[in-house]
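In: Just a sequence and a predicted model for now, questions to come.
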Amino acid sequence: MRTEGIANTSCAVRARGITKSFGDVIALDGVDLDVAAGQIHGVVGPNGAGKTTMLGLLLGLAVADRGSLEVLGTPIGRGQPAPDGVSGFVDGPGLYPALTARGNLSALAGLRGPGARTAGIDEVLEQVGLTDVAGDRVRGFSLGMRQRLGLAAALLTRPRLLVLDEPANGLDPAGKKHVHGVLTQLAADGATVVLSSHRMDDLEALCSEVTIITTGRVVFSGPLGKLADASRELDYRLLTSDREAARLLAADTDGVRVIEEAGTRPGQEMIIVRALLPALDELVPRLVHAGIAVRELTPVVSPLESAFLALTEQQESSR
Amino acid sequence: MTATITASEAPAPSRVSVARGYRFELVKQLAQWRVRVLILLCWIGPALAVIAVSGQGTLPSDTLFGREMHATGWAGALVVLSFAGSWFFPLLTSVVAGDVFSAEDRLGTWRHLLVAVRSPRRIFAAKALASLTVLLMCLPGLAASGIVGGLVVGSRPLTGLDGHLLSPADAAGKLLLAWACVLAPILAFAAIGLLASVIFGRSPIGLLLPAFGGLGMQLASQVLPMPVAVRLALPSFAFLSWNGLFTSPPMLGPLLAGIAVSLAWAVAATALAYLIFMRRDFTSLANDGSLRRAITFGILPLLGVWAVSAGVLAAATGATGSGIDAGKLQQSLATSFAHIYRLQAQELYHTSVTEAQLRATASCTNGEGLVAQDGPGNDWRCTVSWHLPGAGAATGSAVYQLDVNPNGRYVADGDGPNEVNGYFMLHAPYGDAPNPLWQFDGLVDLLAPPSKG
């Protein structure tokens, strides 16, 4: 396991040696997790890796069998519920279909007292872009709208730690952008966000740090940049003005291998090369000096996804 | 280096109060269309039913007080209570309490609720109280609607279960008391609903259990030859034990026993539901329940409550057997006959006689004397004898066929002579009515000591 330390920053989540089993199934096995305050932290892993269990522990929905967990400086455990300021959802937002969007939020806000019944509802509805459907019953909402309303419900409590399980599920691109904007602003305002997602592009767009969990163990935790550095060679899509000349130059460059040729766009041809970043740094100037225009050089699989696949496959094969 | 936010910086966990959780639960319950329909039905259904049935030529004579619906509106209100006790209350508690926990499983909202409230204990309390509130929204509606529907028919004296007349004020008081008495078994069935809802989760069995449980208890009471203590130890009995209020003096033994038993069931089922709920692992997304768990933590403990209640009742009252014997029937039938004879004499001959002058007695045999002379059944045949007022030593006699229900209620069906208990119409103050001695309801005290007669 690689853990990149969080330097000189306050810690919103601090977990040490967390173990949680369900019968014979070990969901979490000695997990350490540090999440700095004001950070958007991604938790990623294959299905059944233990992500939801970890998020559930942060929300106080379950108690670890072993280990210690502090959330916002408060220990959580048996008889020690999550402190105020922790909000979010796992396994989808919990909404009541017979109530309207506003009714759901109002009922929820009422839990905090009669004065809070209407406070902040309009603001959070606007934040998640549901103002127009505030009076509609949730029964008719799409998955994406439910996700957004779930986020609004979580925001209503003005969280200092927001825990979200797959918040981008079912969102269309516009909705996703909206939600990303809300989460980014929340973090900018000092709140901490811990979220899980299967979408690597979501995590790359949002998170400053990620924790990769597989089969209940942390295989990486730290900044995204470190994860990319730690990855193996990547495949890159190379689109140039002269495919053949580029192919020859790439094959002639140390550390670069031409994987396949692919002509995918009319009038434009590309090749796939596999290399580490330093080798690419050498290839690109050579192409330019040879008078070949580089029109596109992008990873076929994102660095995070590649690293994720490498780390999780490694863990799977070592079992 | 990692610096953790210190505890002094962090807000202390503040749990949501039961009152706020209760309001939250109530909002959710009342947002459901079936709960709204149910409440509406309770407030208008009985009135419409009573008015409609009272306007029919054929009355529901199988239901207690049913054959009096033309005579007085109070009978209609009591028919509503009688019918509700047999069928509607278990169904009502099923729909309201039987779904209160399982709805969260169905909607997948447990985690959301736990994050918001942070205390399973308070969630349980809020849900239980909200269910009870919805039930209490329905009950006054049922009572008031039945009474209003009845009063449209007319507020005239009601014939009690021993034949004596109850003034409208007396009938109203006893009716309200009867409604208050059924609160106890409703609590018991609501608690069974909570327990089923906690145990079975998303499974619809939880929703149906109180209704089927009530039906099962009724059938078992009717079909199985149970000792009276065992019969009274079922909460369903208390739905009918208010019948004892309509005799003079009232039969309070079965009524109080029924209430005590119902409260014991309510406490036990609620405690079981609470313990199971507090032990639940909410990391599991949904709870589909399991038959094994239901038997171990639901059915077996409740069977234990039944057994203990029966034991306590048997020890406290000394009641054995069915609680029905020839002596009790004879005494009850003679009393009822005398009261109703007096009524008939007033309406038919405009003469005034007293029960003391009649000195009515009855002699009953079961199955023509070939079977045990006790227990419920429809083979009881009784001969009532009385002294004819103003006729010296002359006596009259009339025969009745009795259909005796295991809960002590019986229907006496006149079997001659026709001029006494045959079917004919007489002119009552409220119009033509069947001869009151033709058919009437009576009640024996199941917990009274066995008669030596």
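Out: Perfect, thanks for sending it. Numbering: from 1, shown residues only, chains lettered A, B, ... in the order given.

In: Quick one, grab the pLDDT at the closest residue to chain A within the stretch 301-450 of chain B.
Out: When scored by C-beta to the nearest C-beta, the stretch 301-450 of chain B has residue B:301 as its residue closest to chain A, at 24.7 Å. C-beta coordinates here come from the backbone N, C-alpha and C atoms, glycine included. On pLDDT, residue B:301 comes in at 93.

In: List the contacts of it.
Out: With contact taken as C-beta atoms under 8 Å, 6 or more residues apart in numbering or on different chains, residue B:301 is in contact with B:268, B:272.

In: which of the residues in the helix or strand it falls within are buried?
Out: If you go by DSSP states H and E, residue B:301 is part of helix B:300-317. Across helix B:300-317, burial judged by 16 or more other C-beta atoms under 10 Å in any protein chain shown covers B:301-302, B:305-306, B:309-310, B:312-314, B:317.

In: Report the next helix or strand after that helix in sequence order.
Out: With elements assigned by DSSP H and E, the helix or strand that comes after helix B:300-317 is helix B:326-344.

In: Burial check on the residue in the stretch 51-200 of chain B positioned nearest to chain A, number of neighbours?
Out: The minimum distance from the stretch 51-200 of chain B to chain A, using C-beta to the nearest C-beta, falls at residue B:112 (2.3 Å). By the criterion of other C-beta atoms under 10 Å in any protein chain shown, residue B:112 has 27 neighbours.

In: Tell me the pLDDT of it.
Out: 84.

In: Likewise for residue A:310?
Out: At residue A:310, the model reports a pLDDT of 75.

In: what does residue A:261 give?
Out: In this model, residue A:261 carries a pLDDT of 55.

In: And residue A:131, by the same measure?
Out: As summarised for this prediction, residue A:131 has a pLDDT of 92.

In: so what's it closest to, chain neighbours aside?
Out: residue A:125 (4.9 Å; C-beta to C-beta, 6 or more residues apart in numbering or on different chains).

In: so that neighbour is in which element?
Out: Assigned by DSSP H and E, residue A:125 belongs to helix A:121-127.

In: Tell me which residues touch residue A:98, please.
Out: Residues in contact with residue A:98 (C-beta under 8 Å, 6+ apart) are A:137-139, B:28, B:31-33.

In: burial of residue 125, as a residue count?
Out: Reading this off chain A. Residues lying near residue A:125 (other C-beta under 10 Å) number 22.

In: Not quite, go with chain B.
Out: As a burial measure, residue B:125 scores 18 neighbours (other C-beta under 10 Å).

In: For it, what is the enclosing helix or strand?
Out: Element membership for residue B:125 (DSSP H and E) is helix B:120-153.

In: returning to what we had before: the closest residue to the residue of the stretch 51-200 of chain B closest to chain A other than its chain neighbours and residue B:149: what is the separation?
Out: Ranked by C-beta to C-beta, 6+ apart and with sequence neighbours excluded, the top spatial neighbour of residue B:112 is residue A:94, at 2.3 Å. From residue A:94 across to residue B:149, the span is 42 Å (C-beta to C-beta, to the nearest Å).

In: How is chain B divided into domains?
Out: Annotated domains of chain B cover B:18-317, B:326-443 [automatic domain parsing].

In: just the residues of the stretch 151-300 of chain A that are near chain B, which are they?
Out: Residues of the stretch 151-300 of chain A lying near chain B by C-beta under 8 Å from any C-beta of the partner chain: A:153, A:160.

In: Please point out which parts of the helix holding residue A:125 sit buried.
Out: Buried residues in helix A:121-127, counted by 16+ other C-beta under 10 Å: A:121, A:124-125, A:127.

In: for it, packing partners?
Out: helix A:101-110, helix A:143-155 (3 or more C-beta pairs under 8 Å, 6 or more residues apart in numbering or on different chains; DSSP states H and E).

In: change it to 6 Å
Out: Applying 3 or more C-beta pairs under 6 Å, 6 or more residues apart in numbering or on different chains; DSSP states H and E, we find helix A:121-127 packed against helix A:143-155.

In: Please identify the buried residues of the helix it packs on?
Out: Residues of helix A:143-155 classed as buried by neighbour count (16+ other C-beta under 10 Å): A:144-155.

In: partner strands of the helix or strand just after it, parallel or antiparallel?
Out: Per DSSP H and E, the first helix or strand lying C-terminal to helix A:143-155 is strand A:161-165. Strand A:161-165 pairs in its sheet with strand A:86-89 (parallel), strand A:192-196 (parallel), by DSSP bridges.

In: what about residue A:23, neighbour count?
Out: 5.

In: Would you check how far apart it and chain B are?
Out: For residue A:23, the distance to chain B (C-beta to the nearest C-beta, to the nearest Å) stands at 10 Å.
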